[in-house]
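# Quick one: sequence plus predicted model below, questions after.
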Amino acid sequence: KQEVTQIPAALSVPEGENLVLNCSFTDSAIYNLQWFRQDPGKGLTSLLLIQSSQREQTSGRLNASLDKSSGRSTLYIAASQPGDSATYLCAVDLVGSYIPTFGRGTSLIVHP
Amino acid sequence: DVKVTQSSRYLVKRTGEKVFLECVQDMDHENMFWYRQDPGLGLRLIYFSYDVKMKEKGDIPEGYSVSREKKERFSLILESASTNQTSMYLCASIYSGRSSAVFGPGTRLTVL
């Protein structure tokens, strides 16, 4: 069964820092890897999707990389801002399935 | 703007009541999912559906059932609500392909 682990579980940084959030998964036969953002009490918002044939995706200050063979992905946030404070979740789905399996998330606080 | 809507943001029910949570998507997606999210446990899959009238059990189906009579609507049913079903319930849909999951805003259910 696919297991997804996110490290660290929580992170508190001053505004302006560059951040790296980590995601690892046990079964490398994945179809997609997605990064989501969740604000307190809200649903999930998709940030980036990386297909299995891709190495990275970028959106604004966010860059996600994928190393399928080692079962790892990183989400890089450049020049963090207080508005980036949220929980970030990683999800993968296996080849032949569209079911995302989630990590438990990294809770990020960016203080002014 | 594509959207997944859930019938209630907050719901309070009594033990033993039958509870219906409704999810509607306007994107013509084949695949729909119900997750519950609890602190420290992350998102866990309850049921999913890959077509009208089709349903599959997820990781924690006990105490729940689902209905998908129309493509756009996926309902989660708690036959007899119990206090351990107090949770945040999240609905999502995915197009059958390399696309991002789209989540609804969530329903915070409290069972007293």
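Arrived safely.

# Show me which residues of chain B sit near chain A.
B:4, B:31, B:33, B:35, B:40-43, B:45, B:48, B:50, B:58, B:88, B:90, B:92, B:94, B:96, B:98-106, B:108 (C-beta under 8 Å from any C-beta of the partner chain). Glycine gets a C-beta too; all of them are placed from N, C-alpha and C.

# Which members of these are positioned in strands?
In strands, defined here by DSSP state E, the members of the residues of chain B next to chain A are B:4, B:31, B:33, B:35, B:42-43, B:45, B:48, B:88, B:90, B:92, B:94, B:102-103, B:108.

# between those, which is nearest residue A:54?
residue B:94 (17.8 Å; C-beta to C-beta).

# Let me see the contact set for the closest one.
By C-beta atoms under 8 Å, 6 or more residues apart in numbering or on different chains, the contact set of residue B:94 is A:98, A:100, B:29, B:30, B:31, B:32, B:33, B:100, B:101, B:102.

# beta partners for it?
Using DSSP bridges, the bridge partners assigned to residue B:94 are residue B:31.

# okay, it: pLDDT?
On the pLDDT scale, residue B:94 is placed at 90.

# got it, and residue B:1?
Reading off the model, residue B:1 has pLDDT 66.

# Contact residues of chain A facing chain B?
A:31-32, A:34, A:36, A:41-46, A:49, A:51, A:89, A:91, A:98-105.

# hang on, residue A:19 packs against residue A:108?
Yes: using C-beta atoms under 8 Å, residue A:19 makes contact with residue A:108 at a distance of 7.2 Å.

# And the next helix or strand past the helix or strand that contains residue A:92?
Element membership for residue A:92, per DSSP states H and E: strand A:86-94. Sequence order places strand A:101-102 as the next helix or strand after strand A:86-94, per DSSP H and E.

# counting contacts, what elements does the next helix or strand along the chain from that next one pack onto?
Going down the chain from strand A:101-102, the next helix or strand is strand A:106-111, by DSSP H and E. Identification of packing neighbours for strand A:106-111 by 3 or more C-beta pairs under 8 Å, 6 or more residues apart in numbering or on different chains; DSSP states H and E yields strand A:10-14, strand A:19-25, strand A:86-94.

# rerun that using 7 Å as the cut-off
Helices and strands touching strand A:106-111, by 3 or more C-beta pairs under 7 Å, 6 or more residues apart in numbering or on different chains; DSSP states H and E, are strand A:10-14, strand A:86-94.

# Save these as CSV, and put in mean neighbour count too.
Converted to CSV, those look like this (neighbours: other C-beta atoms under 10 Å in any protein chain shown):
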stretch, mean neighbour count
strand A:10-14, 13
strand A:86-94, 23
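
# any chance of those strands in JSON lines, with mean pLDDT and distance to residue A:70 too?
Listed next are the helices and strands packed on strand A:106-111 as JSON lines, based on pLDDT from 0 to 100; distance: least, C-beta to C-beta, whole Å:
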{"stretch": "strand A:10-14", "mean pLDDT": "96", "distance to residue A:70": "22"}
{"stretch": "strand A:86-94", "mean pLDDT": "94", "distance to residue A:70": "13"}
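
# Including distance to residue B:64, could the ones you listed go into TSV?
Output for these, formatted as TSV (distance: least, C-beta to C-beta, whole Å):
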stretch	distance to residue B:64
strand A:10-14	30
strand A:86-94	21
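
# Quick one, which of these gets closest to residue B:62.
When these are compared for distance to residue B:62 using C-beta to C-beta, the nearest one is strand A:86-94, at 23.1 Å.

# between the closest one and strand A:106-111, how big is the angle?
Counting by axes from the mean of the first three to the mean of the last three C-alpha atoms, to 10 degrees, strand A:86-94 points 150 degrees away from the direction of strand A:106-111.
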